[in-house]
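Visitor: here is my input; please provide its structure:
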Amino acid sequence: MKAYVFPGQGAQYPGMGKDLYEKFPLAKEMFDSADNILGFGITSLMFEGTEEDLRQTRVTQPAIFIHSVVLASVLGEKFQPGMVAGHSLGEFSALVAAGALSFEDGLSLVYARATAMQKACDAEPSTMAAVLGLEDRIVEETCAAIDETVVPANYNSPGQIVISGSLSGIDIAVTKLSELGAKRAIKLSVGGAFHSPLMEPARAELAVAIEKTPLSSPRCPVYQNVSASPVTNPAEIRKNLVEQLTSPVRWTQTVQNMIADGAVIFTEVGPGNVLQGLVKKADRKMDTASAADLV
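Guide: Residues are numbered from 1 along each chain as shown. Below you'll find the model as predicted:
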């Protein structure tokens, strides 16, 4: 069975999508539509902006979403998913590609999400850190014992977790986890504690937008971040999308469950190849591919 996976924040790069825009009339139409939906020239930022321009959350998230969905669209009949999943932001791309959300509604939600998250970050400075080489249990127990907000945010692959929390909480956690034998425990250059309780104001704001947005049954199961399980029921999809902002991304478990359910190849749809690497870390024998090589 073919699994298609969609990347999240961090996969962006200057010039992203320009080749699709120039090569495919459908892509040009979708990029132009995106500018109109958002009310500013995001395509100019994607094609000509600097790394710094693309690092702004309000730009990063819609840019990656647009690139991913456009790429899935120009694949046409080559896009034949038996299952889909997206890492954090990528879940919205996966839902659009699977027919549960329209491109217009998906982009509007992603922009609302990015704006809400940026506001939450500005209101309470916070950050994230990557932890390599420790068992999940050790990271979980260490975070729970700290008298600050610090939680596992991304279970990326076996032995690789990103933690999220207050500035002082992350400092304490990095020190403790290093002492416990982490190969690396390093703070990331991000503007907030994504997928943690500190995103509660953003979750509440996004919930209102999600409740108003039409959702259909997807053409194939969507493995959602909150549960790492296949979902097709629109009401459950909606609930999980709301919870996603304050819950961890269970990517390791998602990939393992997709493999257990019959995935034989994972194709990454969007900028970069980070997810292919994470799939390989979960199962070295698993075949992976990039959708960009198929168009």
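Visitor: quick one, phi psi at residue 232?
Guide: The phi and psi values for residue 232, taken as degrees, to the nearest 10, are phi -130, psi -10.
Visitor: residues contacting residue 254?
Guide: Applying CB atoms under 8 Å, 6 or more residues apart in numbering, we find residue 254 in contact with 85, 223, 225, 228. C-beta: built from backbone N, CA, C; applies to glycine.
Visitor: that one: which element?
Guide: helix 251-260 (DSSP states H and E).
Visitor: how about that helix: buried residues?
Guide: 251, 252, 253, 254, 255, 256, 257, 258, 259 (16 or more other CB atoms under 10 Å).
Visitor: repeat that for stretch 99-108.
Guide: In stretch 99-108, counting by 16+ other CB under 10 Å, buried: 100, 101, 103, 105, 106, 107, 108.
Visitor: next one: stretch 84-103
Guide: 84-98, 100-101, 103.
Visitor: same deal with stretch 195-214?
Guide: 195, 196, 198, 199, 201, 202, 203, 205, 206, 207, 209, 210.
Visitor: make JSON lines out of these and add pLDDT.
Guide: Output for the buried residues of stretch 195-214, formatted as JSON lines (pLDDT from 0 to 100):
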{"residue": "195", "pLDDT": "96"}
{"residue": "196", "pLDDT": "96"}
{"residue": "198", "pLDDT": "95"}
{"residue": "199", "pLDDT": "95"}
{"residue": "201", "pLDDT": "94"}
{"residue": "202", "pLDDT": "93"}
{"residue": "203", "pLDDT": "93"}
{"residue": "205", "pLDDT": "93"}
{"residue": "206", "pLDDT": "94"}
{"residue": "207", "pLDDT": "95"}
{"residue": "209", "pLDDT": "94"}
{"residue": "210", "pLDDT": "95"}
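Visitor: which of the buried residues of helix 251-260 sits closest to residue 280?
Guide: Nearest to residue 280 among those is residue 255, at 9.8 Å by CB to CB.
Visitor: re earlier: list buried residues within the contacts of residue 254.
Guide: Of these, these count as buried by 16+ other CB under 10 Å: 85, 223, 225, 228.
Visitor: which of the helices or strands spans the last one?
Guide: In this case it means residue 228. Applying DSSP H and E, one finds residue 228 in no helix or strand.
Visitor: tell me the pLDDT at it?
Guide: Looking at residue 228, its pLDDT stands at 98.
Visitor: how near is it to residue 158?
Guide: 14 Å (CB to CB, to the nearest Å).
Visitor: okay, and which of the buried residues of stretch 84-103 map to helices?
Guide: 90, 91, 92, 93, 94, 95, 96, 97, 103 (DSSP state H).
Visitor: what would those look like in a markdown table with distance to residue 172 and pLDDT?
Guide: Below are these laid out as a markdown table (distance: CB to CB, whole Å; pLDDT from 0 to 100):
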| residue | distance to residue 172 | pLDDT |
| --- | --- | --- |
| 90 | 30 | 98 |
| 91 | 30 | 98 |
| 92 | 33 | 98 |
| 93 | 35 | 98 |
| 94 | 35 | 98 |
| 95 | 37 | 98 |
| 96 | 39 | 98 |
| 97 | 40 | 98 |
| 103 | 43 | 98 |
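Visitor: which one of those is nearest residue 186?
Guide: residue 90 (23.2 Å).
Visitor: and that closest one, how far from residue 35?
Guide: 22 Å.
Visitor: same check on residue 252?
Guide: Taking CB to CB, one finds residue 252 at 37 Å from residue 35.
Visitor: nearest to residue 151, out of the contacts of residue 254: which one, please.
Guide: residue 225 (14.2 Å).
Visitor: how about that closest one, nearest residue that isn't a chain neighbour?
Guide: Among residues not flanking residue 225 along the chain, residue 249 sits closest, at 4.5 Å (CB to CB, 6 or more residues apart in numbering).
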